[in-house]
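Student: Dropping the sequence and predicted coords here.
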Amino acid sequence: MRNSKLSRISAMALLAITICSCGHNASKTNGASEKFPLGKIEIQALSGAACGAPFYIAKENGFFAAQGLDVTLVSGNFESNKTGLASGKFSVAVGDFQYFPSVNEGLDIKLIAGLHDGCIKLLVPPGSPIKEAKDLAHKKIGVDEIGGTPMAISSVFLANNNIDPTSGVTWLPYPLEHLQGMAEKGEVDAVALWDPFATLAVKKGYRVLCDIGTHPLFAGKYCCFLYASSQQIKENPERVKAVLKALQKSSEWIAQNPEKTAQIMIDKKYISSDDPALITELVKSYKYHAKHNANTRARAKNDALYFTDQLEKAGFLPKNLNTQKFVENLYYEIPTDIETSHDGGMSSHEKM
């Protein structure tokens, strides 16, 4: 198997995570009170991406609070999210299939739900000679972090166009807000961007090589999944379920209220935009579920299997991997009563 730039856990990293886990009492309900019986938790969700809407709305509209959770949203990167899950510091985390190679190498987490459709585009700047996928061979691609979701998405795209993502291109990380500038200076040949940065770049004349909301490789499949700490599932199952219920209620509210969602994200400065029409357009494109049920749970598992096969094809998972068994072990079903219940917190935003 080729070494994975996408996600690599060394023996030392695994040891460090294990030590951290042993020293962390995940069973303790920190900050529990009459108002928040499930205590205080942190969720790494402050990314500046428009698709973080379920977390922003769950916080602002009181869906977390209604489930007995005092949630603080924090920022970080792929590695800090991964380590937080492994140690039990984080109950849940959002991400795409970039976690799969780490899971195969020993990361003990579970995939518990799908969140939404595509929110990432692979682009080249105006005037670029790059016209199609094959032109990316031996080029430099800018991403917000090594191993992050835009890099994972782009790797699958490259592999399906006969370019080895581990050796056929060079990956260069820059802060998300600087990536367009790096492309325009010629420091990178292409950029993989989250929305709203991706859509704003398109409006400036960037050419789309892959839009995961519409490209056949990704269209109709989850871009982002919700993961849970296995340690937290064992020691605080009600807390994990409560987070999932809050996010499901949030997603359903977003599906019904895309304009209000956009305005809340702008007003609360979760995203760098002052264009409600643009953000509303993006929110609608992510196809949040108006209803969560057995079908959405089955889709999450099926999409996980699809992307496991894609990562095997790209060389980020072993060629002899039993992908069906891998997903059976990875997926953990948590049915919730949200299928028949739509109660929850209501803030002034909901009453608008």
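Tutor: The structure has been received and is ready for your questions. Numbering: from 1, shown residues only.
Student: now the helices: where do they sit in the stretch 101-250 of the chain?
Tutor: In the stretch 101-250 of the chain, helices defined by DSSP state H, counting those that start in this stretch lie at 149-159, 179-184, 197-203, 230-235, 237-256, listed in chain order.
Student: Any buried residues in the last one, and which?
Tutor: Going by neighbour count (16 or more other Cβ atoms under 10 Å), the buried part of helix 237-256 is 239-255. The way it works is simple: take the backbone N, C-alpha and C, and place the C-beta from them, glycine included.
Student: How is the closest residue in space to residue 274 that isn't next to it in sequence assigned, secondary-structure-wise?
Tutor: What sits nearest to residue 274 in space, not counting adjacent residues and going by Cβ to Cβ, 6 or more residues apart in numbering, is residue 266, at 6.1 Å. Classification of residue 266 by DSSP: H, G, I helix; E, B strand; the rest coil places it in helix.
Student: can you count the residues close to residue 266?
Tutor: 17 (other Cβ atoms under 10 Å).
Student: quick one on the thing from earlier: mind putting the helices of the stretch 101-250 of the chain into JSON lines with mean pLDDT and distance to residue 104?
Tutor: As requested, the helices of the stretch 101-250 of the chain are exported to JSON lines (pLDDT from 0 to 100; distance: least, Cβ to Cβ, whole Å):
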{"stretch": "helix 149-159", "mean pLDDT": "91", "distance to residue 104": "14"}
{"stretch": "helix 179-184", "mean pLDDT": "95", "distance to residue 104": "29"}
{"stretch": "helix 197-203", "mean pLDDT": "90", "distance to residue 104": "29"}
{"stretch": "helix 230-235", "mean pLDDT": "95", "distance to residue 104": "15"}
{"stretch": "helix 237-256", "mean pLDDT": "96", "distance to residue 104": "22"}
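Student: Of all these, which one is nearest residue 77?
Tutor: helix 149-159 (11.1 Å; Cβ to Cβ).
Student: which residues touch the closest one?
Tutor: 5-6, 78, 95-98, 120, 122, 133, 136, 141, 143-145, 164-165, 168-169, 171, 192-194, 209-210, 212, 215, 217-218, 223-224, 307, 310-311, 313-316 (Cβ atoms under 8 Å, 6 or more residues apart in numbering).
Student: one step back: now the helices of the stretch 101-250 of the chain as CSV including distance to residue 53?
Tutor: What follows is the helices of the stretch 101-250 of the chain, written out as CSV (distance: least, Cβ to Cβ, whole Å):
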stretch, distance to residue 53
helix 149-159, 15
helix 179-184, 21
helix 197-203, 15
helix 230-235, 24
helix 237-256, 6
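Student: chain center to the top strand by length along the chain, what's the gap?
Tutor: Assignment by DSSP state E gives strand 109-116 as the longest strand of the chain. Put simply, strand 109-116 sits 9 Å off its chain's centre (Cα atoms, centre = their mean, to the nearest Å).
Student: So for that strand, mean pLDDT?
Tutor: Strand 109-116 carries an average pLDDT of 94.
Student: so the residue nearest to residue 274 makes contact with residue 278?
Tutor: No: at 9.8 Å, residue 266 does not count as touching residue 278 under the criterion of Cβ atoms under 8 Å.
Student: hmm, back to that, any of the contacts of helix 149-159 buried? List them.
Tutor: Neighbour counting by 16+ other Cβ under 10 Å classes 5-6, 78, 95-98, 120, 122, 133, 136, 141, 143-145, 165, 169, 171, 192-194, 209-210, 212, 215, 217-218, 223-224, 307, 310-311, 314-316 among the contacts of helix 149-159 as buried.
Student: Show only the entries of those found in strands.
Tutor: Using DSSP E, the members of the buried ones among the contacts of helix 149-159 that fall in strands are 95, 120, 122, 141, 143, 171, 192-194, 209-210, 224.
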